[in-house]
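**Q** structure of the sequence below:
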Amino acid sequence: MIQVELLEQHIAELDDASFSKLRDWFIEFDQARWDKKMETDSNAGKLDFLINAALAEHEAGLTRDL
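**A** Down below sits the predicted model:
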């Protein structure tokens, strides 16, 4: 049995309180990984196209003040 299948089996056996605790931990863990990935991609210039697109729209008069 592969590791993911073992995890799925163990998760399915958790009581409600343990499952809730795991879910809360996983959401926080997932968000931290996402933040790290965004930071890494940003520092590597992988998101520059978004900045350039926003600046182009602004220069073309397609934006408005918030």
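
**Q** where does this protein have low pLDDT?
**A** The model of the chain has no residue with pLDDT under 70.

**Q** I'd like the distance between the most centrally placed residue in the chain and E13.
**A** Closest residue to the average C-alpha location of the chain: W34 at 3.2 Å, with C-alpha atoms, centre = their mean. Shown here: W34 relative to E13, a distance of 28 Å by C-beta to C-beta, to the nearest Å. Placement of C-beta: from N, CA and C, glycine included.

**Q** one more: A32?
**A** For A32 relative to E13 (C-beta to C-beta), the value is 26 Å.

**Q** where along the protein do the helices fall?
**A** Assigned by DSSP state H, the helices in the chain fall at 3-12, 16-43, 48-59.

**Q** next, the angle helix 16-43 makes with the shortest one.
**A** To tie it back to what came earlier, the one meant is helix 3-12. Computed by axes from the mean of the first three to the mean of the last three C-alpha atoms, to 10 degrees, the angle separating helix 3-12 from helix 16-43 equals 140 degrees.

**Q** can I get helix 3-12 in PDB? Just the C-alpha atoms.
**A** Written as PDB, here are the backbone C-alpha positions of helix 3-12 (Å, rounded to 0.1, in the frame of the first residue of the first chain):
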ATOM      1  CA  GLN A   3       1.900   6.200   1.600                       C
ATOM      2  CA  VAL A   4      -1.100   8.300   0.500                       C
ATOM      3  CA  GLU A   5      -3.400   5.300   0.800                       C
ATOM      4  CA  LEU A   6      -2.200   4.600   4.300                       C
ATOM      5  CA  LEU A   7      -2.800   8.200   5.200                       C
ATOM      6  CA  GLU A   8      -6.300   8.100   3.800                       C
ATOM      7  CA  GLN A   9      -7.000   4.900   5.800                       C
ATOM      8  CA  HIS A  10      -5.800   6.500   9.000                       C
ATOM      9  CA  ILE A  11      -7.700   9.700   8.400                       C
ATOM     10  CA  ALA A  12     -10.900   7.700   7.800                       C
END
